[in-house]
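> here you go, sequence then predicted model.
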Amino acid sequence: MFDLIPLIKAAGYLGIFGIVFAESGLFIGFFLPGDSLVFTAGFLASQGFLNIWNLVSLIFIGAVIGDSFGYAFGKKVGPMIFKREDSFLFHKENLNKAKMFYEKYGGKAIILARFMPGIRTFAPILAGVGKMQYSKFLAFNIIGGAIWGIGLTLLGYYLGSVVPNIDKYIVSIVLLIIFISITPMIVHIFKDKNTRDRILNTIRNKTKYVNKLVVFNWKMNPETLEDAINIAKESDYKNIVIVPPFVFLEEVGKIIRKAKLGAQDLSYKDSRGGSFTGEVSAVELINLGVKYVIIGHSERRAMGETNSTIFSKIKTAMDSNLIPILCIGENLEERKSGLTRKVIRNQIYSGLSLTNRNNKPIVLAYEPVWAIGTGKPDTIESAREIIGYIKELTDQNCRVLYGGSINSRNINDFLKYPEIDGVLIGSASLEPKLFF
Ligand code: PEP
């Protein structure tokens, strides 16, 4: 933005025309400089670098043709645009904002939007999508193009001619123009409670659970694929690992974009395949896009899984580049007898010590068995103490989570401590909306 003067000098008439055209109606041109560009070009004309009449003519024509192009594009492509996925250059949010603005101000939006960066590009497209009468659109387009293109350019030219040494203030003036042009849009957005809440929520969700790992273990739920897809959609945030039952892995994997996929178990018999009825191999999981695998969950230990089986599963997972989430934790009797550290040490050593990890990542989930599914989590002090102890036994490539009756109300009480690298959540993960 501060390099506008050299940019304009290098771009010349054709470049200015191209930028104004693209910014006016070319969909991906919304990020280009508009107000500041035409003002600065007017200023440069006052200094003899450009001819002011050629300049205003080109800017006016570029603005009007650009808007008309946007209109024609909107009319042709129509509702398909709304189905487009967000990308670096395209945000549906901007399109929706322009739509709201347009619905509120009708044809005048074409004129007002000229002065609103971002919205400027989408207003003519939406006029086309909404099939506004072309003669009416053109009239507003010409008026807007004239006030904006000719007006702002002449303003730059005029100030450049009458204010001595204006080049010293040009950056401040350009900043002021940008500030004035975006202020009404910001005020408009923040005046509306729904829009305000949506924006604040987006920011909150983007920063939520930053640097933490949150594992959603669905266990043997839900009953239908339809429910699985809905839950997955609502859980699809960065730093979340969604761990559905095997039968839903493929479909969940297809719809998630930000979350990672995890499996609830894997076979240690063979990482590729073989005659092992009922088992699921590491390669099959990887081919479905699985990144993490829970191993040694207390519910599986209760079904007879031993430390030696768990060790084999960890080795299989690691050899296949899956990240194991090894669950460890004492039962109530062990806790009462003061055996927590001993049990945990034993589970970690038998699970990990013989594995040649080659520094590969692993996740440990400290899950006191008596806290799982009971609604009674460990106290934060105790969880922090045990996790601190686990960290003494492991290395930096090992993240340590807490699990056991975590829900949307208590999650932050745990996550706020730096030594707790994340949480593993069971039943509450089936209602993800509450967490975001
Ligand atoms: C779990 O499944 O490991 C778990 C912690 O469950 P819940 O959150 O329901 O206690």
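Structure received.
> for the protein, give me the ranges with low pLDDT.
For the chain, residues meeting the criterion pLDDT under 70 lie at 1-3, 28-31, 78-79, 81-103, 185, 189, 205-206, 353-357.
> tell me which residue in it sits closest to the ligand.
Using C-beta to the nearest ligand atom, the closest approach of the chain to the ligand is made by Gly426 at 2.1 Å. Using the backbone N, CA and C atoms, a C-beta is placed for each residue, glycine as well.
> contact partners for the residue nearest to that residue when sequence neighbours are not counted?
Excluding the flanking residues, the one nearest Gly426 by C-beta to C-beta, 6 or more residues apart in numbering is Asn217, at 5.2 Å. By C-beta atoms under 8 Å, 6 or more residues apart in numbering, the contact set of Asn217 is Val243, Gly262, Gln264, Ile294, His297, Leu424, Ile425, Gly426, Ser429.
> burial of the residue of the chain closest to the ligand, as a residue count?
Neighbours of Gly426 under the rule other C-beta atoms under 10 Å: 23.
> how close does it sit to Arg409?
For Gly426, the distance to Arg409 (C-beta to C-beta, to the nearest Å) stands at 15 Å.
> can you check Ile65 too?
Relative to Arg409, Ile65 is positioned 57 Å away (C-beta to C-beta).
> neighbour count winner among those two?
Neighbours per residue (other C-beta under 10 Å) separate Ile65 from Arg409, with Ile65 holding more: 17 against 9.
> ok, the closest residue in space to Gly144 that isn't next to it in sequence - contacts?
Distance criterion C-beta to C-beta, 6+ apart; nearest residue to Gly144, sequence neighbours excluded, is Ile111 at 3.8 Å. Applying C-beta under 8 Å, 6+ apart to Ile111 gives the contacts Phe140, Ile143, Gly144, Ile147.
> before we move on, the earlier item: redo the contacts of Asn217 as CSV? Include secondary structure.
Below are the contacts of Asn217 laid out as CSV (DSSP: H, G, I helix; E, B strand; the rest coil):
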residue, secondary structure
Val243, strand
Gly262, strand
Gln264, coil
Ile294, strand
His297, coil
Leu424, strand
Ile425, strand
Gly426, coil
Ser429, helix
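> among the residues you listed, which ones are buried?
Val243, Gly262, Gln264, Ile294, His297, Leu424, Ile425, Gly426, Ser429 (16 or more other C-beta atoms under 10 Å).
> how about the strands in this protein?
Along the chain, the stretches classed as strands by DSSP state E are 213-217, 240-243, 260-263, 290-295, 323-328, 362-366, 398-403, 422-425.
> got JSON lines for the ones you listed, with distance to Ser350 too?
Formatted as JSON lines, these follow (distance: least, C-beta to C-beta, whole Å):
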{"stretch": "strand 213-217", "distance to Ser350": "22"}
{"stretch": "strand 240-243", "distance to Ser350": "23"}
{"stretch": "strand 260-263", "distance to Ser350": "22"}
{"stretch": "strand 290-295", "distance to Ser350": "12"}
{"stretch": "strand 323-328", "distance to Ser350": "10"}
{"stretch": "strand 362-366", "distance to Ser350": "13"}
{"stretch": "strand 398-403", "distance to Ser350": "15"}
{"stretch": "strand 422-425", "distance to Ser350": "20"}
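> tell me which of those lies nearest to Phe122.
Counting by C-beta to C-beta, Phe122 lies closest to strand 240-243 out of those; the figure is 31.6 Å.
> could you see whether the ligand lies near that closest one?
No. Applying C-beta under 6 Å from any ligand atom, one finds strand 240-243 separated from the ligand by no less than 9.1 Å.
> please shift the residue numbers so they start at 13 in all later answers.
OK, 13 is where the count begins now, so the last one is strand 252-255.
> and that strand, which strands flank it?
Looking at strand 252-255 with DSSP bridges, its partner strands are strand 225-229 (parallel), strand 272-275 (parallel).
> tell me the angle of the longest one relative to strand 302-307?
Yep, that's strand 225-229 we're talking about. Counting by axes from the mean of the first three to the mean of the last three C-alpha atoms, to 10 degrees, strand 225-229 lies at 70 degrees to strand 302-307.
> and strand 225-229, how far out from the chain middle?
Relative to its chain's centre, strand 225-229 lies at 17 Å (C-alpha atoms, centre = their mean, to the nearest Å).
> can you state the direction angle for that strand and strand 335-340?
Angle of strand 225-229 versus strand 335-340, following the same axes, to 10 degrees, is 70 degrees.
> whether strand 225-229 contacts the ligand - can you check?
Yes. Strand 225-229 is in contact with the ligand by C-beta under 6 Å from any ligand atom, via Asn229.
> and for stretch 290-307?
No. Judged by C-beta under 6 Å from any ligand atom, stretch 290-307 and the ligand are separated, with a smallest distance of 8.0 Å.
> how far away from the center of its chain is that stretch?
Taking the mean of its C-alpha atoms, stretch 290-307 sits 26 Å from the chain's own mean (C-alpha atoms, centre = their mean).
> Tyr378 contacts Ala395, doesn't it?
Yes. Between Tyr378 and Ala395 there is a contact at 6.9 Å, judged by C-beta atoms under 8 Å.
> quick check: neighbours shared by the two?
Shared contacts of Tyr378 and Ala395 (C-beta under 8 Å, 6+ apart): Tyr414.
> what's the neighbour count on the nearest residue to Asn251 once chain neighbours are set aside?
Using C-beta to C-beta, 6+ apart and skipping residues adjacent in sequence, the residue nearest Asn251 is Tyr221, 4.5 Å away. The number of residues packed near Tyr221 is 19, by other C-beta under 10 Å.
> number of nearby residues for Tyr304?
Tyr304 is flanked by 22 other residues according to other C-beta under 10 Å.
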